[in-house]
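Student: Any chance you can model this:
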Amino acid sequence: MNIFYKICLLLLINSFACHSQIFVRAYHYRPTGDFGSVFKPGFSAEIGYMPKFEERLRVCVSATYMVMKPRRDAFPIVGIQQGTKTVILPGEDRFDKYNLLHLFAGIDVAIIKRKKFFAYLGTDLTVGVGSVDSRTEVKTLISEGYSGGGGIAGFRGRIGLQYNLTDHIGLIAHVNRTGYILTEPRTVNWFNDYGMGVRYHFGYR
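Tutor: You can find the predicted model right below:
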């Protein structure tokens, strides 16, 4: 992880400490499209800064880390070797690691705003980093591995609900749709996630 992402994480942690209005959310994620055909659904958690709705708008920041698990130990591929005759050779792709760190910053807009209950729409920009280890093998033709990763840039849309149990504790539920580009190895990925959590306000309102 380079210095840029370390600074982002430090600023995020300082934001939590200064404002003391945090949330923790457990969620189930489901990759979609080509991403979904390679990686399994899974579980993770998100932590962030979430203030109360002073009016109908609030700014939120958060972070999450996802450890992606491939659907198979190896994915079959073929290679074509051309000479005096064309030969089709069996091979495989493997993903030994595909981990994603997302940092989110965005807004929520309250569509329904009551004393204890809120329904809202939200949108975020995301940056982050991906760490990937993979290998491609084609018999007698290719044997190469990749270890590295790149930056993440994308966006997220959200439908959310919040119910305040007390002045300090609230329950939240989110449905999110996230799309992003991983710069290296270059891919465009999408996933949905569904989860619930707790928002906690330290101190007095």
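Student: Pass me the low-pLDDT residue ranges in this structure, would you?
Tutor: Scanning the chain for pLDDT under 70 picks out 1-19, 203-205.
Student: any idea where the helices of it begin and end?
Tutor: 3-19, 33-38 (DSSP state H).
Student: Might you report the residue contacts of the residue of the chain positioned farthest from its centre?
Tutor: Among the C-alpha atoms of the chain, the one most distant from their mean position (Cα atoms, centre = their mean) is that of residue 84, at 48.6 Å. Contact analysis of residue 84 by Cβ atoms under 8 Å, 6 or more residues apart in numbering lists nothing. Bear in mind the C-beta positions are built from the backbone N, C-alpha and C, glycine included.
Student: what are the bridge partners for residue 70, then?
Tutor: Beta-bridge partners recorded for residue 70 (DSSP bridges): residue 39.
Student: go on, residue 100?
Tutor: residue 66, residue 130.
Student: And it, how far from residue 152?
Tutor: According to Cβ to Cβ, to the nearest Å, residue 100 and residue 152 sit 7 Å apart.
Student: what residues are shared contacts of those two?
Tutor: Counting by Cβ under 8 Å, 6+ apart, the residues touching both residue 100 and residue 152 are 128-130, 182.
Student: among these, who's most crowded?
Tutor: Within the shared contacts of residue 100 and residue 152, most neighbours by other Cβ atoms under 10 Å means residue 130, with 24 neighbours.
Student: Please look at that one and residue 97 and confirm they touch.
Tutor: No. Assessed by Cβ atoms under 8 Å, residue 130 is found out of contact with residue 97, at 9.7 Å.
Student: any common contacting residues for these two?
Tutor: Joint contacts of residue 130 and residue 97 (Cβ under 8 Å, 6+ apart) do not exist.
Student: just checking, residue 68 touches residue 42?
Tutor: Yes. The pair residue 68 / residue 42 is scored as a contact, 7.1 Å apart, by Cβ under 8 Å.
Student: Which one's more surrounded, the two?
Tutor: Shown here are residue 68 and residue 42; by other Cβ under 10 Å, residue 68 has more neighbours (21 against 16).
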